[in-house]
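Q: Build me a model:
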Amino acid sequence: MTSLPVLANSGAMSTFVGAFEVTSKLTGTVFQCRFSHMWNGIATRHADTIDTKFFVNGKAIVLGLAHKAFVKFRERTGRDLSDREASFIAADFLSECLEEEDERQLYDVSEADVLRLIDQIGIK
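A: The predicted structure follows:
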């Protein structure tokens, strides 16, 4: 059986994605972003999501990644997404939103967006 490359879950979860800045294309506002952690949204919000938490300029932001996309990824590749890979997907989605100054406390990231970002990042 061939081993597929995976972004491993090594180190503390809060270090999966390093701190990053996003600049608004609209106003030039700079957002300071820091990944905190992730958890299963099915249990806490009764949502079919994997939830990720970031701090943006010190405020908590949650992104719920559609669980159906994780299932489709497994069907397509024969492996699960790692938590680190999921955190990269969430960080990219958050960056896209903040570039447009679409700042919310909760984002529901659709199956289509999760799959698009998997392809964009190059996760196989």
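Q: Would you mark the buried spots in the longest helix along the chain?
A: What stands out as the longest helix in the chain, according to DSSP state H, is helix 83-99. Of the residues in helix 83-99, 83-94, 97-98 count as buried by neighbour count, 16 or more other C-beta atoms under 10 Å. All C-beta spots, glycine's among them, are computed from the backbone N, C-alpha and C.
Q: For the protein, just list every one of the helices.
A: Using DSSP H, helices in the chain cover 41-44, 67-77, 83-99, 111-121.
Q: So which of these is nearest Thr23?
A: Closest to Thr23 of the helices of the chain is helix 83-99 (C-beta to C-beta; 7.2 Å).
Q: Pass me the low-pLDDT residue ranges in the protein, would you?
A: 1-12, 43-46 (pLDDT under 70).
Q: Nearest to the spatial middle of it, which residue is it?
A: Nearest residue to the geometric centre of the chain (C-alpha atoms, centre = their mean): Ala90, 1.4 Å.
Q: Report whether the expected contact of that one with Leu65 is present.
A: Yes: contact criterion C-beta atoms under 8 Å: Ala90 and Leu65 qualify, at 6.1 Å.
Q: burial measure for the nearest residue to Lys53 once chain neighbours are set aside, as a count.
A: Leaving aside its chain neighbours, Lys53 sits nearest to Ser36 (4.2 Å; criterion: C-beta to C-beta, 6 or more residues apart in numbering). Other residues within reach of Ser36, judged by other C-beta atoms under 10 Å, total 16.
Q: what does Leu65 give?
A: Neighbours of Leu65 (other C-beta under 10 Å): 28.
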